[in-house]
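Asks: starting from these lines, generate the structure:
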Amino acid sequence: MPASITETGGDANHRRSASEHPASPVDGGVVACLDTSWLSHKVIPHAAAIAHALHASLTLLHVLEVAPKTDVPLDPFEWDVRRRSAHDYIRRLASERGDETFHIDTIVVEGQPAEQICLWARNQKVGLIAVGTHGDSGAADWALGETARKLVETCSGALLLVPSSVSDADVVHYRRLLVPLDGSSRAESVLALATRLAREQDAELLLTHIIPVPELTEIGPLEVEDIKLKDAVIRRNERVARQYLERIRARIAEQGLAVNVILRDGDVRGSLSRLAVEEAADLVIMSAHGRGDRADVSCGSIASFLVTHTATPLLIVLRGSGAGSSASTEKSDGRPPGRAVL
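Replies: Numbering: from 1, shown residues only. Predicted structure coming up:
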């Protein structure tokens with residue numbers, strides 16, 4: 001079927017009446033950032049799935065990269081050829097994915113990729129940026145490509161990172177959504193978005209808490225009293241964490257959604273990374289910050305680890321987004337112990 005495509009530099013929000021679709025937990029449209037690599041094409045079906053679920057517009061964005069300034073001026077004719085080629089490229093991708101039932105915008109901007117993506121998304125009030133973990137530079141075992149890394153460090157709002165290792169697919173359906181929680185209101189702030197996606201995709205929510213092993217200062221072998229204390233803390237943490245997850249599970253289940261809880265102990269970072277694979281999660285949804293909530297870094301230690309190590313698509317809510325910014329005013333319904341910092 002013919003695609004419905006609009007090349008635009010204007011508002012990224014699709015023109016829909018407020019009565020036609022309810023407001024999305026992530027305000028604004030979805031933009032999928034693409035370079036010319038085949039790896040970046042994997043981003044489109046994931047961005048489309050979220051745009052569909054949130055009843056948001058989808059824009060395919062390509063940055064025509066400007067080389068650093070040199071003594072040799074750009075050839076105007078050559079640059080015009082590159083510009084036309086870029087527009088043809090992004091239109092073709094949109095035509096392959098869209099149809100008359102799903103509107104796709106396209107935009108080509110010029111400059112440095114991460115800088116222009118953030119600037120355009122901010123100016124257009126985009127709610128979610130989708131990008132591949134690697135692009136023209138090729139795939140690596142786990143490290144982020146330059147553009148993805150800079151977006152994590154500098155952008156605000158929701159960011160969807162699609163690993164280069166995910167399978168090619170024309171259409172993506174999320175069936176299992178993994179949501180790490182550490183008891184903080186900031187970590188819980190993603191629940192509105194997660195439940196919306198679960199409802200629209202008919203997916204199961206997996207609420208997860210990892211209990212860190214308590215540490216005692218050791219200058220020699222632990223004494224009997226120390227071992228008893230450590231065991232008591234572990235039992236107490238498990239009890240409180242289970243009650244905490246169950247309260248949230250029951251509240252979400254009242255909405256008619258499939259939801260389960262997963263409670264593990266051990267290293268928080270490694271456990272979450274393994275859990276996403278073991279539970280066959282299609283998407284991990286989490287806040288960039290949790291209990292630690294450090295203002296001097298873009299992501300907490302747990303989120304930073306998953307950003308660079310997970311093989312599962314990761315939807316991370318960065319500081320300054322609509323979902324995350326309201327977290328500080330919300331109270332959690334119970335708090336698990338320990339220092340599992342997201």
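Asks: by residue count, what's the longest helix in the protein?
Replies: In the chain, taking DSSP state H as the definition, the longest helix is helix 224-253.
Asks: work out the gap between it and the centre of the chain.
Replies: Mean-position distance between helix 224-253 and its chain equals 28 Å (C-alpha atoms, centre = their mean, to the nearest Å).
Asks: now do the buried residues in that helix.
Replies: Buried residues in helix 224-253, counted by 16 or more other C-beta atoms under 10 Å: 233-234, 237-238, 240-241, 244-245, 248-249, 252. Where C-beta positions appear, they are placed from N, C-alpha and C, glycine not excepted.
Asks: so which of the residues you listed comes closest to residue 63?
Replies: Distance to residue 63, by C-beta to C-beta, is smallest for residue 252 among those, at 38.6 Å.
Asks: contact partners for the residue nearest to the closest one when sequence neighbours are not counted?
Replies: Distance criterion C-beta to C-beta, 6 or more residues apart in numbering; nearest residue to residue 252, sequence neighbours excluded, is residue 259 at 4.7 Å. Residues near residue 259 by C-beta atoms under 8 Å, 6 or more residues apart in numbering: 198, 204-207, 249, 252-253.
Asks: specify the beta-bridge partners of residue 259.
Replies: Beta bridges link residue 259 to residue 205, judged by DSSP bridges.
Asks: which one of the buried residues of helix 224-253 is nearest to residue 97?
Replies: The closest of the buried residues of helix 224-253, once distances to residue 97 are taken by C-beta to C-beta, is residue 252, at 31.7 Å.
Asks: just checking, next helix/strand downstream of whichever helix or strand residue 120 is part of?
Replies: In the assignment (DSSP states H and E), residue 120 maps to helix 113-123. Sequence-wise, the next helix or strand downstream of helix 113-123 (DSSP H and E) is strand 128-132.
Asks: what's the spacing between residue 126 and residue 119?
Replies: 11 Å (C-beta to C-beta, to the nearest Å).
Asks: so for these two, which residue has more residues nearby?
Replies: Taking neighbours as other C-beta atoms under 10 Å, residue 126 and residue 119 compare with residue 126 leading, 27 against 14.
Asks: so what's that one up against?
Replies: Contacts of residue 126 (C-beta under 8 Å, 6+ apart): 12, 28-31, 59, 120, 157.
Asks: turn the contacts of residue 259 into a markdown table, including distance to residue 39.
Replies: Shown next, in a markdown table, are these (distance: C-beta to C-beta, whole Å):
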| residue | distance to residue 39 |
| --- | --- |
| 198 | 28 |
| 204 | 29 |
| 205 | 29 |
| 206 | 27 |
| 207 | 31 |
| 249 | 37 |
| 252 | 35 |
| 253 | 38 |
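Asks: so what does the helix holding residue 120 touch, helix or strand wise?
Replies: If you count contacts as 3 or more C-beta pairs under 8 Å, 6 or more residues apart in numbering; DSSP states H and E, helix 113-123 packs onto strand 30-34, strand 58-65, strand 103-111, strand 128-132, helix 146-154.
Asks: tell me the confidence at the residue nearest to residue 252?
Replies: You'll see residue 259 listed with a pLDDT of 97.
Asks: how about residue 51, secondary structure?
Replies: When classified by DSSP: H, G, I helix; E, B strand; the rest coil, residue 51 comes out as helix.
Asks: quick one: it from residue 44, how far?
Replies: Separation of residue 51 from residue 44 (C-beta to C-beta): 10 Å.
Asks: repeat that for residue 37.
Replies: 13 Å.
Asks: the two: who's more crowded?
Replies: More crowded of residue 37 and residue 44, by other C-beta under 10 Å: residue 44, with 24 against 17.
Asks: surely that one is in a helix?
Replies: Yes - assigned with three-state DSSP, residue 44 falls within a helix.
Asks: list the contacts of it.
Replies: 32, 34, 60, 93, 97.
Asks: is it true that residue 118 touches residue 151?
Replies: Yes - the pair residue 118 / residue 151 is scored as a contact, 6.8 Å apart, by C-beta atoms under 8 Å.
Asks: helix, strand, or coil at residue 134?
Replies: Residue 134 is classified as coil under three-state DSSP.
Asks: show the backbone phi and psi for it.
Replies: Main-chain torsions, residue 134, degrees, to the nearest 10: phi -140, psi 150.
Asks: find the nearest non-adjacent residue to residue 87, please.
Replies: Using C-beta to C-beta, 6+ apart, the closest residue to residue 87 is residue 108 (5.4 Å).
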